[in-house]
Structure formats: structure tokens, C-alpha cells
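> Requesting a structural model of the entry that follows:
(one chain, ligands or ions: 1)
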Amino acid sequence: MGRGDLDPEQIVRLEEDVPAVVLLDQRRLPEEVVEVRCSTPAEVADAIRTMVVRGAPAIGIAAAYGLALAALGGDDLPEAERVLAASRPTAVNLPWALAQLRGEPTAERARALHEGEVDRCRRMAAHAAELFRPGTRALTHCNAGGLATGGYGSAVGALRAAAERRLLERVLVDETRPLLQGARLTAWELERAGIPLAVIADSAAGSFMARGEVDLVVTGADRIAANGDTANKIGTYSLAVLAAHHTIPFYVVAPSSTLDPETPDGSAIPIEERDPGELTSRFEASNPAFDVTPAALIAAIVTENGVHRAPYEESLA
Ligand code: MRU
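Here you go, the predicted model:
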């Protein structure tokens, strides 16, 4: 593990003595480092829904452990799978992980899936680092770090790998309203890794670009359609439009478990609507948690298999 890396087991693990899925509570970071124990698949689903654990690959890993927990407890497995699958709609890693465990929902298989995701992160980060030049000033949105992937990170993994190669000057971190995954989680992870960072208001990204202070934008993804259209945290689309206006490359870094070849384009990706109370309890509010960035705005999609460019129907197939 590199400097400041979280141990994958600190983020999410299955305990078998007194069976439980144990999660680092991401709602309380960075102020408090505390765990939540889930003793039933329904509790795991609730932890995913309430974002104790979040980030597309980490959601999938938690659900895989949740299904293994159901098997250990002799629960109704199709029902456990249904409850887990319904916890959040946008990240395709969730149904992907459950499908991987179907038929053999053992602890070993869930752990192997977790290890596989972390391994994919390291491989895609090495490919993504090739896109950085000495002195790169990057901008990222939300948290696509080890917390979001069960270890190492996708977009943050790319930043780690670039920093190790001494290619990264600093990272602008969008605070990522309304739940502040950038200001709380990405900033915490980059600080632990010793990577220079500055948290900025989401609405400040355009002016930093106009001042020539951003060389590239790098984000993760929750679901990538067959044509390369990409769902990610709300605000990602705006960043991609701004990057195009300023001729700054916009890169997506995600494992193959985030690819959804069954979904032809972004219009078919389900977008989660969250409680308006996350925005305001005083007024009517609308709170979509994700948006879709059209493939045409994405300079490259990086997976563990390499750097993919348009046309994505061919390069991702
Ligand atoms: O609502 P969240 O925090 O689960 O949203 C997470 C994101 O949008 C991440 O960028 C995405 O899941 C990629 S995680 C490697």
C-alpha cells in the first residue's frame, strides 16, 4: 500500500464469527472515523441507501458481502438479492456484483470480488497516469477514491499514480453539493496521500479554467452506456461542458464493472432522485443525484484494460 492508503478491509469487510458486514461510516468522515455493523442484508441495503457506504464499486462490494451474509444466515437468497438491488438505482456495479455472486454467494467469492475491484483500480490508475504531464494541475468532482471503490480509487487512484510519478502539481477538489463528497472525502484522501489540494465551490470551477489553472478534469463513473455516455455525480456534466469550452481534456476513469453494454446510451440510465431534504427542509426542492455526460464531451475513458477513445461503441466493446 502507498502513503495514506486505506486498508480495503477498513472500508468494507465481512466478519464471519458473529456474521456482519462492517462499513466505515462515510457520512461521518473526516471528523469521525467510526464503523457501522450490519447484521442482516436489509441493514446492508439500508446502509447503501443512506450512504454509509457510497461510490459505485464500493456499493457493489458491500452488496456482494450482503448476499454472502444472507447465505451465512440461511436467509431467502432471492429476497436478499432483491432488497440489496433496490437500494440505489444508478450504479451498475450493484446488479453486476450481485450477478457475480448468484449461484455461489460465499464469503470467499465476495472477498475475491473485492480484491478484483482494488486490483482493477491499480491497473486503470497506471494507464490513466500516462495522460498526465509534469506539473499537471487537475480538477476532480465528488469522491472516486479508495472509499468509493473499496480501496485505492479510480479517479483518485489516477491522481495517486500521477503523484507517484511526480507529474501532479495539485488538485482542485469540487466540494460536491449537497453531500460534500469532495470537500469531506476526496480532500481527506488526498491529504492522507500527501497530494497538494484546494477545495473549491462547485460554482468556481469555470473561473479556475478561464484563468488557465486547470490542465485536465478527471472523474469516476456510476454507469457507462455502450456509446460512452457516462452517469456520474450531479455536476459532472456541467464540468464537462466547461472543460469543452476551455479546450481542457475531460477524462473518466472507471473499472469494467461500471460498463453497461446493455444500455445503448445515456437516456436509458436510471437517475436517482434523492430526498429533497438533503437540499432544504424549508422549500420545495428537486434533488437528482447524478447526471449524464455525453460521450462527445469525454476525451477518454480509462479502464483496467487501457485508454479508450471515441467511438466508444468500438473501443469499449
Ligand atoms: O452518490 P455517490 O457518492 O455514491 O456518488 C459517487 C460518484 O458519483 C462517484 O464519482 C462514482 O460512483 C465513481 S466511484 C469510483
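> Leu179 touches Gly277, doesn't it?
No: assessed by CB atoms under 8 Å, Leu179 is found out of contact with Gly277, at 11.8 Å. C-beta: built from backbone N, CA, C; applies to glycine.
> Which one of the two is surrounded by more residues?
Leu179 (21 against 11; other CB atoms under 10 Å).
> what about the more buried one, which helix or strand?
Assigned by DSSP states H and E, Leu179 belongs to no helix or strand.
> so who does it touch?
51, 278 (CB atoms under 8 Å, 6 or more residues apart in numbering).
> and it, what pLDDT?
Per-residue pLDDT puts Leu179 at 98.
> cool, the one 3 residues further on as well?
At Gly182, the predicted lDDT confidence score is 98.
> Look up which helix or strand Val252 falls in, please.
Judged by DSSP H and E, Val252 forms part of strand 250-253.
> Could you list every helix and strand in contact with that strand?
Counting contacts by 3 or more CB pairs under 8 Å, 6 or more residues apart in numbering; DSSP states H and E, strand 250-253 packs against helix 107-129, helix 155-164, strand 216-219, helix 236-245, strand 300-303.
> Nearest residue to the closest residue to the ligand within the stretch 201-317 of the chain in space, ignoring adjacent ones along the chain?
Using CB to the nearest ligand atom, the closest approach of the stretch 201-317 of the chain to the ligand is made by Gly220 at 2.8 Å. Nearest residue to Gly220, sequence neighbours excluded (CB to CB, 6 or more residues apart in numbering): Ala144, at 2.8 Å.
> and what of Leu131?
That would be Tyr251: by CB to CB, 6+ apart, it lies 6.1 Å from Leu131.
> okay, the one you found: pLDDT?
pLDDT, read off for Tyr251, is 99.
> just checking, Leu279 touches Asn287?
Yes: taking contacts as CB under 8 Å, Leu279 lies within contact range of Asn287: 5.3 Å.
> which residues do those two both contact?
Shared contacts of Leu279 and Asn287, counting by CB under 8 Å, 6+ apart, come down to Pro178.
> so Gly150 makes contact with Gln10?
No: between Gly150 and Gln10 no contact is recorded; they are 10.1 Å apart, counting by CB under 8 Å.
> And these two? Which one has more around it.
Regarding Gly150 and Gln10, a neighbour count based on other CB under 10 Å identifies Gly150 as having more, with 30 against 16.
> Can you tell me how far the more buried one is from the ligand?
Separation of Gly150 from the ligand (CB to the nearest ligand atom, to the nearest Å) stands at 9 Å.
> For the stretch 201-317 of the chain, which segments count as strands?
Remark: strands assigned in the stretch 201-317 of the chain by DSSP state E, counting those that start in this stretch are 216-219, 223-225, 230-233, 250-253, 259-260, 290-293, 300-303, 306-308.
> circling back: buried deepest among the helices and strands packed on strand 250-253, which one?
Comparing the helices and strands packed on strand 250-253 by mean neighbour count (mean count of other CB atoms under 10 Å), helix 155-164 ranks first with a mean of 28.
> what about that one and the ligand, any contact?
No: judged by CB under 6 Å from any ligand atom, helix 155-164 stays clear of the ligand, getting no closer than 6.6 Å.
> Quick one: name the residues of the stretch 101-250 of the chain near the ligand.
142, 144, 148-149, 154, 181, 219-222, 232-233.
> Show the contacting residues for the nearest residue to Glu175 once chain neighbours are set aside.
In space, and not counting its chain neighbours, Glu175 is closest to Ala183: 3.9 Å by CB to CB, 6+ apart. Listed by CB under 8 Å, 6+ apart, the contact set of Ala183 reads 173, 175-176, 199.
> Just put those in TSV and tack on neighbour count.
TSV is the format used below for the contacts of Ala183 (neighbours: other CB atoms under 10 Å):
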residue	neighbour count
Val173	26
Glu175	22
Thr176	23
Val199	18
